[in-house]
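J.: need a structure here:
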Amino acid sequence: MDDRRVGCLTTPLAIDQLAMRPTTSAIPVIKKHKRSVVPHRILMMGPQGSGKGTQAQRLAAAFSVPNISTGEIFRANIKGGTELGKLAQQYTDHGDLVPDQITNDMLRDRLSAPDVAGGFILDGYPRNAAQVAELDEMLAELGVELDGVVELTAEREELINRIAGRAADEGRADDTPYAITKRLDIYAEHTAPLTEEYRERGLLARVNGIGELEAITEQIISELDRIAESEHSHYLTNWQPKK
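T.: Here you go, the predicted model:
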């Protein structure tokens, strides 16, 4: 099965990014953030190669909340033989893209799980305008709202070099220059514009994804703190960066 064919109708799934993502054991120990009364419900956005998968894992560890990625949700449903997984596999077995509705239903099911009640880091969704509205509806059904949206940025040339370098290290022959630029183009066309919606809501934290991991994490949390304070909330005040 070509994992890259699993996803919404217009964009590739985060499975491509998951293949590049370090395992949890490879990530440096993160200082735990003492939970306050406001949960952490954070979206991670950014093009492939921006490091958002790694930072999603770091934030999940710091806030003690689940790191949810659409790629992992798909694989879990297909491997577990769930009804949604079986529906998805009908498409993937034929090399077709899975419709948004199946993606949406899988995510809705995951967000209703008990371990998500205290918050989450969501990576790989939404990927188009329709999914922004769908996520709003899911959260409204649960009686909760987003606390912040993190967009990691990087120059296109830097992204291409990062992806190509990792592909060479991992022996990923399918990550050709054409495939890499195509995925970046799709992100720029379909997903990047969504950040404007979240900026207008006062939820967007835009952070440079190039640099030392710890420094990037500290900058993300500082930006989330700014967003929280703008809403007269201080759910990050117990977190202190390493000296």
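J.: buried residues in stretch 161-179?
T.: Within stretch 161-179, the residues scored as buried using 16 or more other Cβ atoms under 10 Å are Arg162, Ile163, Ala164, Arg166, Ala167, Arg172, Asp175, Ala179. (C-beta placed from N, C-alpha, C; glycine too.)
J.: how far does that stretch stretch from start to finish?
T.: End-to-end distance for stretch 161-179, by Cα to Cα, to the nearest Å: 13 Å.
J.: Could you pull up the mean pLDDT of the longest helix belonging to the chain?
T.: For the chain, the helix that runs over the most residues, judged by DSSP state H, is helix 213-230. Helix 213-230 carries an average pLDDT of 93.
J.: just how off-centre is it within its chain?
T.: Relative to its chain's centre, helix 213-230 lies at 16 Å (Cα atoms, centre = their mean, to the nearest Å).
J.: can you pull the buried residues of it?
T.: Of all the residues in helix 213-230, those buried under the rule 16+ other Cβ under 10 Å are Ile216, Thr217, Glu218, Gln219, Ile220, Ile221, Glu223, Leu224, Asp225, Ile227, Ala228.
J.: Got the confidence number for the residue lying closest to Lys79 once chain neighbours are set aside?
T.: Take Lys79 and drop its neighbours on the chain: the residue closest to it by Cβ to Cβ, 6 or more residues apart in numbering is Gly85, 7.3 Å away. pLDDT for Gly85: 95.
J.: which other helices and strands contact the helix or strand hosting Gly85?
T.: Applying DSSP states H and E as the criterion places Gly85 in helix 83-92. Judged by 3 or more Cβ pairs under 8 Å, 6 or more residues apart in numbering; DSSP states H and E, helix 83-92 is in contact with helix 70-80, helix 100-111.
J.: Redo those as a markdown table? Include distance to Arg201.
T.: Below are the helices and strands packed on helix 83-92 laid out as a markdown table (distance: least, Cβ to Cβ, whole Å):
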| stretch | distance to Arg201 |
| --- | --- |
| helix 70-80 | 22 |
| helix 100-111 | 19 |
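J.: Which of those sits closest to Phe120?
T.: Closest approach to Phe120 among the helices and strands packed on helix 83-92 (Cβ to Cβ): helix 100-111, 7.2 Å.
J.: export the buried residues of helix 213-230 to CSV and tack on distance to Gln101?
T.: Compiled in CSV, the buried residues of helix 213-230 are given as follows (distance: Cβ to Cβ, whole Å):
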residue, distance to Gln101
Ile216, 35
Thr217, 35
Glu218, 39
Gln219, 36
Ile220, 32
Ile221, 35
Glu223, 33
Leu224, 31
Asp225, 36
Ile227, 31
Ala228, 33
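J.: Much appreciated, bye for now.
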